[in-house]
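Student: Build me a structure from this.
(one chain, ligands or ions: 1)
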Amino acid sequence: MKPETNLLRELPSVDRVMTHPAAAPLLERFSRPFVTETLRDLIDEVRQVIKSGHDLPPHRLQDESIITDLEKKLAQASRPGMVRVVNASGTILHTNLGRALLSEAAAEAVGLVARHPVNLEFDLGRGKRGQREAGIESLLRELTGAEAAAAVNNNAAAVLLGLNSMAEGRHVIVSRGELIEIGGSFRIPEVMAKSGAMLREVGATNRTHPRDYAEAIDDNTGLLLKVHTSNYRVVGFSAEVELKELVAIGRERGVPVMEDLGSGALVDLGNLGLPREPLVAERVAMGADVVTFSADKILGGPQAGLVAGGKSWIDRMNRNPLKRALRCDKLTLAALEATLRSYVQSPDLLREIPTLRAFSRPLDEIEEGGRKVLPLLRQRLGPGYELELVDSTCQIGSGALPTEEIPSKGIAVNSREMSADEVARLFRRADPPIIGRIKSDRFILDLRSAGDPESLAPNLRDRQRPL
Ligand SMILES: *Cc1c(COP(=O)(O)O)cnc(C)c1O
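Tutor: Numbering: from 1, shown residues only. Sure thing, here's the model as predicted:
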């Protein structure tokens with residue numbers, strides 16, 4: 001008889017392990033089917049190891065040893081899939097890393113709403129059904145000067161709802177220079193098609209003139225749409241029709257104007273020494289009938305799409321059955337209300353909203369943080385690395401101000417043995433994972449996007465050189 005046949009006979013049965021007293025504590029922590037399935041997988045794996053002729057010490061097949069392995073496997077399988085990471089990528093609003101961080105007030109509001117019943121749609125004064133978005137609407141009106149406002153799941157949803165509510169079955173005139181694609185397959189022509197409105201492109205990629213819009217308007221025109229080209233710039237021989245001019249054309253011909261503003265700032269970034277992003281209030285004041293923008297880009301709130309505009313248009317959107325499908329949940333509304341409340345009421349907005357704090361942190365403060373954390377980083381990494389504080393630049397991210405960069409500082413990590421890719425992998429395997437970037441063959445940790453400099457010192461669980 002082959003020795004492996006013997007070993008296979010030694011393999012315990014699922015039933016025997018499950019009834020072993022040492023397995024009882026596991027069944028207090030995890031469901032029986034989960035434990036049984038994981039155990040079955042484990043025994044299968046051991047069987048494969050034996051069959052492939054690998055040496056396995058006989059004690060590994062004892063129930064106690066199998067249960068120890070089972071416990072490890074259960075712990076591994078019960079770790080959450082979405083984990084905290086450190087954003088040292090140099091992109092402040094990184095879509096793949098969750099965009100804006102919530103303010104303390106917003107995070108607290110989410111926790112409260114998650115744990116308790118709330119007056120989401122209940123009017124406490126009258127004791128009757130109330131308005132779901134009443135709180136955020138009044139804040140948005142105050143912040144944008146618009147007559148009315150609404151919130152949906154994201155800005156893509158806001159554009160879809162706007163097009164469908166304002167121009168279903170009719171033509172929407174858009175400049176060829178503004179037929180944008182945003183990452184994650186948001187394309188104006190495709191959203192338009194799904195909205196039931198029909199795209200009527202005018203002008204050329206680099207130049208569109210007022211007469212292009214005026215000449216395209218006919219009885220079947222439902223809307224003039226302006227799209228903020230947030231993730232690219234048309235430079236050189238170019239011309240676009242300003243919102244003011246578009247509003248004038250629309251007014252004259254009785255056609256409403258909607259603007260997809262993308263990021264849409266509520267405060268003037270120019271005051272932070274940053275390049276200006278258009279203010280929602282400005283666009284409303286210029287006469288846009290509806291403006292849509294994201295809540296988790298420059299605004300620094302939860303994922304949501306905001307719509308500000310004329311009351312009749314917002315009413316129409318709120319009555320649209322699509323609104324029911326696209327509406328925000330209570331957690332989002334709680335975070336949104338807290339964030340907008342900070343904009344109206346906080347004495348120190350830049351301190352409260354993490355995104356604005358990241359934009360505005362002075363360079364010398366960032367540099368000092370970097371210098372302080374260098375020794376800790378050295379100690380955690382051990383020998384074989386060269387660390388250097390370097391000049392860096394940050395992008396705002398999420399398509400906002402794509403050609404502009406904010407000065408920053410970074411820590412360049414060079415290994416004598418590993419490539420930049422391998423160093424990046426090592427940092428991704430830290431606990432929590434640290435996401436940096438590679439520039440000119442060097443791995444760089446950006447100190448502005450990371451926030452707390454200490455978060456850049458990796459906690460390395462296993463120090464093996466990554467393969
Ligand atoms: C980001 C962006 C969108 C999509 O917004 P989401 O909130 O990500 O859905 C749409 N239009 C423009 C101009 C944008 O910049």
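
Student: Now do the contacts for the residue in the stretch 201-350 of the chain that the ligand sits nearest to.
Tutor: Of all residues in the stretch 201-350 of the chain, G262 sits closest to the ligand, at 2.5 Å by C-beta to the nearest ligand atom. In short, each C-beta sits where N, CA and C put it, glycine included. G262 is in contact with N155, I182, V227, H228, S230, N231, F293, S294, K297, G399, A400, counting by C-beta atoms under 8 Å, 6 or more residues apart in numbering.

Student: List the contacts of the third one.
Tutor: To tie it back to what came earlier, the one meant is V227. V227 is in contact with V174, S175, E178, L179, I180, I188, E259, D260, G262, counting by C-beta under 8 Å, 6+ apart.

Student: where do the helices sit along the stretch 51-200 of the chain?
Tutor: 63-77, 104-115, 134-144, 155-167, 188-195 (DSSP state H, counting those that start in this stretch).

Student: Please list the outside residues in contact with the fourth one.
Tutor: Residues external to helix 155-167 that are found in contact with it (C-beta under 8 Å, 6+ apart): 152, 172, 182, 186, 188, 191-192, 194-197, 222-223, 225, 256, 258, 260, 262, 289-290, 292-294, 305-307, 313, 316-317, 320, 322-323, 326.

Student: residues of stretch 84-94 that come out buried?
Tutor: For stretch 84-94, burial by neighbour count (16 or more other C-beta atoms under 10 Å) applies to V85, V86, N87, A88, S89, G90, T91, I92, L93, H94.

Student: Pairing partners for L306 in the sheet, please.
Tutor: A151, F293 (DSSP bridges).

Student: Surely A285 is in contact with A146?
Tutor: No - counting by C-beta atoms under 8 Å, A285 stays clear of A146, with 9.4 Å between them.

Student: who's more crowded, these two?
Tutor: Legend: neighbour count by other C-beta atoms under 10 Å for A285 and A146, higher for A146 (27 against 12).

Student: Quick check on the residue lying closest to the more buried one once chain neighbours are set aside: phi, psi?
Tutor: Spatial nearest neighbour of A146, chain neighbours left out: A308 (3.7 Å); criterion: C-beta to C-beta, 6 or more residues apart in numbering. With angles defined as degrees, to the nearest 10, A308 sits at phi -120, psi 140.

Student: what sits against A308?
Tutor: Taking C-beta under 8 Å, 6+ apart, one finds L140, R141, T144, A146, A148, A149, V280, V284, V290, V291, F293 in contact with A308.

Student: How about the contacts made by the closest residue to the first one other than its chain neighbours?
Tutor: Nearest residue to L140, sequence neighbours excluded (C-beta to C-beta, 6+ apart): A149, at 3.6 Å. Contacts were defined as C-beta under 8 Å, 6+ apart; by that measure A149 touches E133, I136, E137, L140, R141, L306, V307, A308, G309, I314.

Student: Can you tell me how far the second one is from the ligand?
Tutor: Here I136 is placed at a distance of 16 Å from the ligand (C-beta to the nearest ligand atom, to the nearest Å).

Student: What confidence value was assigned to the residue of the stretch 201-350 of the chain closest to the ligand?
Tutor: Each residue has a pLDDT score; the one for G262 is 92.

Student: any idea how far it is from G222?
Tutor: Using C-beta to C-beta, to the nearest Å, G262 is found at 22 Å from G222.

Student: now swap in R327 and tell me
Tutor: 24 Å.

Student: what does G370 give?
Tutor: G370 sits 54 Å away from G222, going by C-beta to C-beta.

Student: The two - which one has more neighbours?
Tutor: G370 (25 against 19).

Student: For that one, which residues are in contact?
Tutor: Counting by C-beta under 8 Å, 6+ apart, G370 touches L389, K409, G410, I411, L447, P453.

Student: is it possible to export those residues to a markdown table including secondary structure, distance to the ligand and pLDDT?
Tutor: Listed next are these as a markdown table, based on DSSP: H, G, I helix; E, B strand; the rest coil; distance: C-beta to the nearest ligand atom, whole Å; pLDDT from 0 to 100:
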| residue | secondary structure | distance to the ligand | pLDDT |
| --- | --- | --- | --- |
| L389 | strand | 33 | 98 |
| K409 | strand | 28 | 98 |
| G410 | strand | 26 | 98 |
| I411 | strand | 30 | 98 |
| L447 | helix | 26 | 98 |
| P453 | helix | 29 | 96 |
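
Student: Quick one, which of those residues are buried?
Tutor: Neighbour counting by 16+ other C-beta under 10 Å classes K409, G410, I411, L447, P453 among those as buried.

Student: The third one against R448, yeah?
Tutor: What it means is I411. No - taking contacts as C-beta under 8 Å, I411 lies outside contact range of R448: 11.8 Å.

Student: what number of residues lie near E417?
Tutor: There are 9 residues near E417, going by other C-beta under 10 Å.

Student: what's the answer for A325, then?
Tutor: A325 has 12 nearby residues by other C-beta under 10 Å.

Student: Dihedrals phi and psi, it?
Tutor: Per degrees, to the nearest 10, the backbone of A325 is at phi -80, psi -20.

Student: V290 now?
Tutor: The phi/psi pair for V290 (degrees, to the nearest 10) is phi -140, psi 140.
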